[in-house]
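S.K.: The sequence and its predicted three-dimensional model are supplied below.
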Amino acid sequence: MKLIFEYDEQNSGHLSDEDISITLPKDLTRTNLPLPNVSEIDVIRHYTNLSKKNFGVDVGFYPLGSCTMKYNPKINEDVARLEGFRDLHPFSPMDCIQGSLQLMWELEQQLKEITGMDVFSLQPAAGAQGELLGIMISKAYFKERNEKRTKAIIPDSAHGTNPATAAMCKHDTIVIPSDSRGNMDLQKFKQSLSSDVAVVMLTNPNTLGLFEENILDICDLAHKNGTLTYCDGANMNALFGITRPGDQGFDMIHLNLHKSFSTPHGGGGPGAGVLGVKSFLSDYLPTPRVVKQESKYILNNTKGKSVGRIRSFYGNFGMLVRAYSYILAWGTNIRKVSEYAVLNANYLLTLLKDVYELPYDRTCAHEFVISSKKFGEKSALNIAKRLMDYGFHPPTVYFPLIVNEALMIEPTETESKETLDKFALTLRVISDEIKENPELVRGAPYTTPIGRLDEVTAARKPNLKWIHPQKNHDNENLQI
Amino acid sequence: MDYIPITDIERNEMLKRIGISSIDELVKEFKPALKRKLNLSIPKSEFEIMRHMQDLAKKNIILKYFVGAGSYNHYIPSAVNHLLMRGEFSTGYTPYQAEMNQGTLQAIYEFQSFICLLTGMDVANASLYDGASALSEAALLSSSHNGRKRVFVQEGLHPQYSEVLKTYCDGADLELTNEIDDKTACVITQNPDFYGNIENPWELSERAHKVGALFITCVVEPTSLALLKAPASYGTDIVVGEGQSFGIPISFGGPYLGFIAVKDFLLKKIPGRICGMTTDSKGNEGFVLTFQAREQHIRRERATSNITTNQGLMALAATIYLALMGRSGLTTAAKLSYSRAHLLHDKLKNIGFEPLNKKPFYNEFLLRAPKPSDEIISILSEKGILGGLELGDDKILICCTETNTIQDIESYVSIIGETL
């Protein structure tokens, strides 16, 4: 499809050229703004047609493991767009922002109750930023105590963000292998707990979709060693009302509001990665913090031991509105979300485990990992592509890294039995296709707007932007 | 509300198929078990949610804003929101599976192109969280490029950006410095700066390059780029900024849109997602996420950043906004913002405000009030106007966009004029 830059020059209609005099010195101003002018109708058609080449939860089943692609309620879109939220300037006086502050304060209370933590910061814009804040807090905590701890313990099943975050804070990573039941190996963990270990970062349930069976011991051992415990809360969708990370012994947790709390993923954001901590770490959280004083809400800017701001203003506020609205809908019934997320995952697993290999034969949590190893190399990739022809988004593939030909499937609680049955049947059909007609599966997909793309050439000969054809790649001349 | 489609009969069939009799058996190893119901409110119907949220939203008071300072109240064409609401865009994930996400991927490619056209840089990424964290990522990128640990910031950076930068630097063992020397990793300037001053930073960028430091330009009000020289033209190695002005509501500070664009030699160090054009086996052009070997899900502790989820839908909003406004609309919006700001500036000067900008300004300016600034702000706010941001010592930072009408400007001035 042609690019927005490739339309003929049109009347764009929005604030068309007006003669307004500007008296800026020449050495500061540009002479040419190389943007296209396209009419509104063509812009609408362009992006509507692009949307038709896209797949979202609103289009079909999207069992992308670790991403919790649940239904995103439409009411949440409407409430986030209420004028009082959407059109509020962050530098408004305190008496003009009481509604927003109340919402943030109440959301914090809800999240504390759900996770068992004592205090939350709503500032981080995504899970990875929540993690970063968590490790910064750990660093500041040990600095204050004059303890030199520079290592982070991370299991081999962890999300890539965990080691990447530790590295951003100049921590060395100690990787602990998983044991035969898919838990972090307790013996190896014990052996690694030296006096320079700052933090252990765990996802629970882990990325294999399995609840860490030794979680109470792990947190206990860490604390006896003076080590902090961090929970990557990406998989919180399994735990609502059943067990709380704070009660398991975690000192910190980030939640991905765009996973467990139904805010839309937006094709890669915006999310929100709020961070909860136990009270002994609360002084390190970013400022400002929302405080309730009798019936008023204020912003407390006292810096004290705070690690500082991690984002401008108050975080991705619009996503906080959506998550708050979602929690209002469920209220005391929120346990049902996790019960059905776990039910759907175990049901789907039951329908598949005689055809695909199950590396750890246990009851799963809200997601599970199966392997297509017996169907040969690249089979997970081929199965993923073939699923597209049947109208499904593929699961996460080749993650976690410790399972060969991994297919990581997270159905979520918002899918019907009919959808799960159809998906399972399709995966069984594809397993037959691989045996009977392997070429068919290797060549998939056939029904998408485009076939498998040449990623090697994309990296070797990068084409990362549109260049005006007449300007012959001489972008500098185009600019000034 | 209940968003679960499974009936009780189906649930029992599913349990039977699994070979158990209750859901409790599936979660019995989740320890320690919570032995009570969570203390949350009683579940609400959709109507009750709407009523509750309307009541909360009404507790916020919307004023006529003459304040920017990192959050700019530009007009957003209706079409932006209508397109963003399409579930095909809004309910998809990061486009790992290119064949099913050509829409998002092409939009990212167009976004990268728009950012490069506006900044004059070689490569832009798919977005970062916001301007402040984008600036911080640029500082980390500089340090990883030249192995140096000191960051120089020119005066006039948004104070919240300074705070975020300091937080990131503390985390990464970088230090902020007042010197530019052979230990400096990067030199940072905001243009226009926090007080609205427009710089020609040639000299500063030459000083940076002379000692082998990278030169970073931070753009907090990107509509200024419609009028001002592209940052690449004054020797910028990394442009970062906030894209909120491009079709994203002020929304109490977020979600916003961080962007980053670099010269070619930094391509492999850039954080976050990048989309590239390539072909399929039949030669059809299409788009994929590329250079993923920089990223956390492949490189883990050796990744260029830990970022994964970014601000995808906000980048789409900016792309659609720029497409709708086009060259003509964006230029006019910028000129109107400029001229309204200068009109208000001159009128306030005439009634006794002291101009404090020593350089040309775009749509933000700094004045010293002829009486205590808190009195001025509170008089205006009683009349429904947020008159600016107080910066102490009776200094007020004031901003106009094309949404501040001449009538609004006149009433601003006359309300204050009556009190002097």
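M.R.: Thanks, I have it. Numbers count the residues shown, from 1 in each chain, chains lettered A, B, ... in the order given.

S.K.: Can you get me a residue count around residue A:26?
M.R.: When neighbours are defined as other CB atoms under 10 Å in any protein chain shown, residue A:26 has 7 of them. Just so you know, the C-beta spots here come from the backbone N, C-alpha and C atoms, and that holds for glycine as well.

S.K.: Quick check: it vs residue B:240, distance?
M.R.: Computed as CB to CB, to the nearest Å, the residue A:26 to residue B:240 distance reads 26 Å.

S.K.: now swap in residue A:223 and tell me
M.R.: If you go by CB to CB, the gap between residue A:223 and residue B:240 works out to 40 Å.

S.K.: just residue B:79 next, same as before
M.R.: To residue B:240, residue B:79 is 28 Å away according to CB to CB.

S.K.: what do you get for residue A:458?
M.R.: 25 Å.

S.K.: So if I had to pick from residue A:223 and residue B:240, which one is more boxed in?
M.R.: Each of residue A:223 and residue B:240 has its neighbours counted (other CB under 10 Å); residue B:240 has more, 31 against 13.

S.K.: The more buried one touches residue B:257, doesn't it?
M.R.: No: contact criterion CB atoms under 8 Å: residue B:240 and residue B:257 do not qualify, at 11.4 Å.

S.K.: Let me know the pLDDT of the residue lying closest to residue B:57 once chain neighbours are set aside.
M.R.: Nearest residue to residue B:57, sequence neighbours excluded (CB to CB, 6 or more residues apart in numbering or on different chains): residue A:84, at 2.9 Å. Reading off the confidence values, residue A:84 has pLDDT 98.

S.K.: residues touching residue A:84, list them.
M.R.: By CB atoms under 8 Å, 6 or more residues apart in numbering or on different chains, the residues touching residue A:84 are A:99, B:56, B:57, B:58, B:59, B:60, B:62.

S.K.: One more: residue A:204?
M.R.: Residue A:204 neighbours (CB under 8 Å, 6+ apart): A:211, A:212, A:215, A:231, A:235, A:245, A:248.

S.K.: Make JSON lines from those residues and add pLDDT to it.
M.R.: Listed next are the contacts of residue A:204 as JSON lines, based on pLDDT from 0 to 100:
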{"residue": "A:211", "pLDDT": "98"}
{"residue": "A:212", "pLDDT": "97"}
{"residue": "A:215", "pLDDT": "98"}
{"residue": "A:231", "pLDDT": "98"}
{"residue": "A:235", "pLDDT": "98"}
{"residue": "A:245", "pLDDT": "98"}
{"residue": "A:248", "pLDDT": "98"}
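
S.K.: any idea which of the residues you listed is closest to residue A:315?
M.R.: Relative to residue A:315, the closest of these is residue A:231; by CB to CB it sits at 19.4 Å.

S.K.: Am I right that the closest one is in a strand?
M.R.: Yes: assessed with DSSP: H, G, I helix; E, B strand; the rest coil, residue A:231 lies in a strand.

S.K.: residue contacts, residue A:83?
M.R.: B:57, B:62.

S.K.: My error: substitute residue A:299 in the last question.
M.R.: A:94, A:101, A:288, A:289, A:290, A:291.

S.K.: avg pLDDT for the helix or strand encompassing it?
M.R.: Following DSSP states H and E, one finds residue A:299 within strand A:296-300. Mean pLDDT, strand A:296-300: 97.

S.K.: For it, list the C-alpha coordinates in CSV.
M.R.: Only the C-alpha atoms of strand A:296-300 are listed here, as CSV (Å, rounded to 0.1, in the frame of the first residue of the first chain):
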residue,chain,number,x,y,z
LYS,A,296,-8.9,16.8,50.2
TYR,A,297,-6.1,15.3,48.1
ILE,A,298,-2.7,16.9,47.8
LEU,A,299,0.5,16.2,46.0
ASN,A,300,3.4,15.8,48.4
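
S.K.: Please point out which parts of that strand sit buried.
M.R.: residue A:297 (16 or more other CB atoms under 10 Å in any protein chain shown).

S.K.: what's the answer for stretch B:84-91, then?
M.R.: So for stretch B:84-91, counting by 16+ other CB under 10 Å, buried means B:84, B:86, B:87, B:88, B:89, B:90, B:91.

S.K.: From the residues you listed, which land in helices?
M.R.: B:84, B:87, B:88, B:89, B:90 (DSSP state H).

S.K.: ok, and which of those residues reach chain A?
M.R.: Near chain A, judged by CB under 8 Å from any CB of the partner chain, the entries from those are B:87, B:88, B:89, B:90.

S.K.: Contact partners for residue B:176?
M.R.: Residue B:176 makes contacts with B:150, B:151, B:152, B:153, B:165, B:166, B:169, as judged by CB under 8 Å, 6+ apart.

S.K.: ugh, typo on my part, it should be residue A:387
M.R.: When contacts are counted by CB under 8 Å, 6+ apart, residue A:387 is found next to A:393, A:394, A:426, A:427, A:430.

S.K.: Please tell me how far the first one sits from residue A:457.
M.R.: Going back to what we said before, that points to residue A:393. 25 Å.

S.K.: out of these two, which sits in the more crowded spot?
M.R.: residue A:393 (23 against 16).

S.K.: Identify the residue spatially nearest to the more buried one, adjacent ones excluded.
M.R.: Once flanking residues are discounted, residue A:393 sits nearest to residue A:62: 4.2 Å by CB to CB, 6+ apart.

S.K.: these two touch, right, the one you found and residue A:54?
M.R.: No: here residue A:62 lies out of contact with residue A:54, judged by CB under 8 Å, at a distance of 11.6 Å.

S.K.: which neighbours do the two share?
M.R.: Residues touching both residue A:62 and residue A:54 (CB under 8 Å, 6+ apart): residue B:92.

S.K.: Show only the entries of the contacts of residue B:176 found in strands.
M.R.: B:150, B:151, B:152, B:153 (DSSP state E).

S.K.: wouldn't the first one be in contact with residue B:185 here?
M.R.: I take that to be residue B:150. Yes: in this structure, residue B:150 is within contact of residue B:185 by CB under 8 Å, at 5.8 Å.

S.K.: how about the residue in the stretch 251-400 of chain A that chain B sits nearest to, what does it touch?
M.R.: In the stretch 251-400 of chain A, the residue found nearest to chain B is residue A:313; the distance is 2.6 Å by CB to the nearest CB. Counting by CB under 8 Å, 6+ apart, residue A:313 touches A:90, B:70, B:71, B:160, B:252, B:253, B:254.

S.K.: okay, now the second one: neighbour count?
M.R.: Meaning residue B:70. Residue B:70: 26 surrounding residues under other CB under 10 Å.

S.K.: same check, this time on the third one
M.R.: Residue crowding around residue B:71 was assessed by other CB under 10 Å; the count is 27.

S.K.: you'd agree it is in a helix?
M.R.: No: counting by three-state DSSP, residue B:71 falls outside a helix, being coil.

S.K.: What distance do you get for the nearest residue to residue A:219 once chain neighbours are set aside to residue A:238?
M.R.: Counting by CB to CB, 6+ apart, residue A:219 lies nearest to residue A:249, which is 2.6 Å off, once chain neighbours are set aside. Distance, residue A:249 to residue A:238, by CB to CB: 17 Å.

S.K.: which of those two has more neighbours?
M.R.: Legend: neighbour count by other CB under 10 Å for residue A:249 and residue A:238, higher for residue A:238 (27 against 20).

S.K.: who's in contact with that one?
M.R.: Applying CB under 8 Å, 6+ apart to residue A:238 gives the contacts A:205, A:211, A:338, A:341, A:342, A:365, A:366, A:367, B:30.

S.K.: is it true that the last one touches residue A:242?
M.R.: So the one you mean is residue B:30. Yes: counting by CB under 8 Å, residue B:30 touches residue A:242, with 5.0 Å between them.

S.K.: Just the CA atoms of the lengthiest helix in chain A, as PDB, please.
M.R.: Across chain A, the longest stretch assigned as helix under DSSP H is helix A:417-436. What follows is helix A:417-436, C-alpha atoms only, in PDB (Å, rounded to 0.1, in the frame of the first residue of the first chain):
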ATOM      1  CA  LYS A 417     -15.300 -22.400  25.200                       C
ATOM      2  CA  GLU A 418     -16.300 -22.400  21.500                       C
ATOM      3  CA  THR A 419     -13.200 -20.400  20.700                       C
ATOM      4  CA  LEU A 420     -10.900 -22.600  22.800                       C
ATOM      5  CA  ASP A 421     -12.300 -25.700  21.200                       C
ATOM      6  CA  LYS A 422     -11.800 -24.300  17.700                       C
ATOM      7  CA  PHE A 423      -8.300 -23.200  18.400                       C
ATOM      8  CA  ALA A 424      -7.400 -26.600  19.900                       C
ATOM      9  CA  LEU A 425      -8.900 -28.400  16.900                       C
ATOM     10  CA  THR A 426      -6.900 -26.100  14.600                       C
ATOM     11  CA  LEU A 427      -3.600 -26.900  16.300                       C
ATOM     12  CA  ARG A 428      -4.400 -30.600  16.000                       C
ATOM     13  CA  VAL A 429      -5.200 -30.200  12.300                       C
ATOM     14  CA  ILE A 430      -1.900 -28.400  11.800                       C
ATOM     15  CA  SER A 431       0.000 -31.200  13.500                       C
ATOM     16  CA  ASP A 432      -1.500 -33.600  11.000                       C
ATOM     17  CA  GLU A 433      -0.700 -31.200   8.100                       C
ATOM     18  CA  ILE A 434       3.000 -31.200   9.200                       C
ATOM     19  CA  LYS A 435       3.100 -34.900   9.000                       C
ATOM     20  CA  GLU A 436       1.100 -35.300   5.700                       C
END
